[in-house]
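Asks: Give me coordinates for this.
(2 chains, ligands or ions: 3)
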Amino acid sequence: MTYFHSVTLDARKCHGCTNCIDHCPTEAIRVRRGKAKIIKQRCIDCGECIRVCQSHAKIVAADDFSMLDNFKYNIAMPAPSFYSQFRCEISVNRILNAFIKIGFDDVFEVARGAEYISAATRELIASGNIKKPVISSACPAVLRLMRERFPGLLGNVLSLVSPMEAAAMLAREEARKKTGLCDEEIGVFFISPCPAKVTSIKSPLTLEKSNVSGAISVKDAFAKIRPIIDDIEDELPLAVSGYEGIFWARSGGECKGSGVEDYIAVDGINNVLQVLEEIEYGKVNNVEFIELSACTSGCSGGPLNIVNPFIASRRIAQQSKKRSNVSEPKIADVERFSWKKPVEGRKHSGLDDDLEKAMQKMELMDELYERLPKLDCGSCGAPSCKALAEDIVRGFASENDCIFIMREQVKKLAKELYELNESFDASAK
Amino acid sequence: MIKKYDISGEDFSLAGEASSNFKSVLKRLGISTEIVRRVSIAMYEAEINTIIHGGGGECEAEIKSNAISVTFRDNGPGIANLELAMQEGYSTASEKIRELGFGAGMGLPNIKKYTDDMLIDTAPGKGTTLTLIINL
Ligand SMILES: Nc1ncnc2c1ncn2[C@@H]1O[C@H](COP(=O)(O)OP(=O)(O)OP(=O)(O)O)[C@@H](O)[C@H]1O
Ligand code: SF4
Ligand SMILES: [Mg+2]
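Replies: Residues are numbered from 1 along each chain as shown, chains lettered A, B, ... in the order given. Ligands and ions are numbered 1, 2, ... in the order given. Just a heads-up that it's a prediction; the model follows:
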């Protein structure tokens, strides 16, 4: 079974440069016939390829503003990381007002949703009803990664919905009360820093259906808001979130909200991979809470953001400090914000369903690998010689895809032709 | 199918390479997650012991249709009192080793816990051979 992917390729722009295959943390990209190809089963929509593609050929299937026409009442839900795209002098309240200016009827801060999730997390941890170390579930790219590569650790994952889903639930409730409209008439739009969240809306892992109607990329929202942000007058009082919620945009923000003292906050997909390995080895037993963000600096480093992750992260610190007098919600509603369906690990696809055959293929793969130059040059379109050997055994590539083997073959062929020619000459004499 | 690994006693940064490598072999073979996890944990502990106590050695990992067995062999000092070594918390690790985060005395007990069988052949001056078996 494959699921919806928000990261796709614009084949017209792709030059087949192999830059992306080196940076994909799950080795999900190959270059075939001069174009990149994403292996759907492996892709976790982390967006690393979007960052590194010089030709901007990796695109995100986010929604556009025309989708607002489908609803009677539209609510914008900016991720807290969105605030970091503006100078610190521009208040959160002003940014929220800008959404009204560009056509939304209301706003609901995802930071507020985050505060509800923090409250529920504290409650859940205090109840003791949870396996330690508790692993956060807020980053959907990490959740996909765990499902594919570390299914054995899914039992440790915090089974609460993301701040985005929590915010959408609360926003809908508020809007229904305020307008008397039904859910179908209310549009809830997440302003997304990443493709992973877009995917989690279109095909959610922990809910039957997402509460969010659509996802608009930070880039698109920023393009509309930046030109008008300085001219906003008569600000409505829209900002409600406080320090805790806004701080979620940074790596370590969720840990802070968990109320736990002994935690690890890991950011950057390769660090996440390493730490998950360590947890799988049972080497991180005593830690209480582990936050994992696919992006460097957490969501403020999301691939669809504009500002550098470290600068963004500092801005989040400033913005959250400015709102430290705002109090968090007191209610901890674990039941309401719990997953509605469990995340099941995917059986990793071995080389063959039959162990004997899988071992034969493995031996073949090792033999092949020995013949390859071990340069990991990428010219074959696979990220490494090992990966090419595996692709060959799985039937997706051939030995001649390796330019070095190809050259050997050509040399051999040339020599044979030469010898053949010589033998003709000899017999002619 | 047999995989062989050299376990260097000098380079600490390579500690865990054999277990990590074998883990990806098992995943590629489609072995279930739970088994992979048990093999990884036990193998990692044994690999570290071979390095820090045994001074390095070799590892031979075999996959058969009904079991996975992994043998670590070293020519180190050997274990004088095996019963004691098997106790949780017993460790002869030096202060320097402890600073690196090892030496809690949990390695051997953990290997026992995560495997179906564990065989140790050791004597002072003779080195140590440890085989761990996990049934499929
Ligand atoms: N290969 C070996 N050669 C010599 N002595 C060993 C070997 N393996 C274990 N021992 C002895 O057995 C003791 C207990 O081993 P165990 O793995 O249980 O704990 P540890 O290695 O000291 O600490 P930990 O594994 O928790 O980091 C060791 O301290 C050491 O004295
Ligand atoms: S860290 Fe945040 S921005 Fe990055 S992929 Fe995860 S949820 Fe998206
Ligand atoms: Mg040990």
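Asks: Quick check: residue A:289 vs chain B, distance?
Replies: With distances taken as CB to the nearest CB, to the nearest Å, residue A:289 is found 20 Å from chain B. The way it works is simple: take the backbone N, C-alpha and C, and place the C-beta from them, glycine included.
Asks: who's in contact with that residue?
Replies: Residue A:289 makes contacts with A:125, A:133, A:134, A:136, A:255, A:258, A:260, A:262, A:263, A:264, as judged by CB atoms under 8 Å, 6 or more residues apart in numbering or on different chains.
Asks: residues near the closest residue to ligand 2 within chain B, how many?
Replies: Among all residues of chain B, residue B:33 sits closest to ligand 2, at 23.5 Å; criterion: CB to the nearest ligand atom. Using other CB atoms under 10 Å in any protein chain shown, residue B:33 has 20 neighbouring residues.
Asks: And it, how far from residue A:333?
Replies: Applying CB to CB, to the nearest Å, the value for residue B:33 to residue A:333 is 33 Å.
Asks: so residue A:343 touches residue A:157, yeah?
Replies: Yes. With contacts defined as CB atoms under 8 Å, residue A:343 counts as touching residue A:157 at a distance of 7.1 Å.
Asks: what does the model give residue B:54 for pLDDT?
Replies: pLDDT recorded at residue B:54 is 94.
Asks: Report the spatially nearest residue to the residue in chain B positioned nearest to ligand 1, omitting neighbours in sequence.
Replies: Nearest to ligand 1, among the residues of chain B, is residue B:107, at 2.2 Å (CB to the nearest ligand atom). Leaving aside its chain neighbours, residue B:107 sits nearest to residue B:45 (4.1 Å; criterion: CB to CB, 6 or more residues apart in numbering or on different chains).
Asks: anything in the helix or strand harbouring the one you found near ligand 1?
Replies: Using DSSP states H and E, residue B:45 sits in helix B:33-52. Yes. Helix B:33-52 is in contact with ligand 1 by CB under 6 Å from any ligand atom, via B:45, B:49, B:50.
Asks: what secondary structure does residue B:130 sit in?
Replies: strand (DSSP: H, G, I helix; E, B strand; the rest coil).
Asks: Okay, and the beta partners of it?
Replies: Under the criterion DSSP bridges, residue B:130 forms beta bridges with residue B:72, residue B:120.
Asks: Tell me how far it lies from residue A:104.
Replies: Remark: distance between residue B:130 and residue A:104 (CB to CB) = 65 Å.
Asks: Counting neighbours, go ahead and name the busier of the two.
Replies: Neighbour count, other CB under 10 Å: between residue B:130 and residue A:104, residue B:130 has more, with 25 against 20.
Asks: which ones are touching the more buried one?
Replies: Listed by CB under 8 Å, 6+ apart, the contact set of residue B:130 reads B:46, B:49, B:71, B:72, B:111, B:118, B:119, B:120, B:121, B:122.
Asks: quick one: pLDDT of residue 21?
Replies: You didn't say which chain, so I picked chain A. Reported pLDDT for residue A:21: 94.
Asks: meant chain B actually
Replies: pLDDT, residue B:21: 92.
Asks: and if you look at residue B:50?
Replies: pLDDT for residue B:50: 96.
Asks: same thing with residue A:348?
Replies: On the pLDDT scale, residue A:348 is placed at 67.
Asks: Same question for residue B:135.
Replies: Residue B:135 carries a pLDDT score of 96 in this model.
Asks: My guess is it contacts residue B:66. True?
Replies: Yes. The pair residue B:135 and residue B:66 passes the contact test of CB under 8 Å, sitting 6.5 Å apart.
Asks: neighbour-wise, which of these two wins?
Replies: residue B:135 (11 against 8).
Asks: From ligand 3, how far out is residue A:170?
Replies: According to CB to the ion, to the nearest Å, residue A:170 and ligand 3 sit 50 Å apart.
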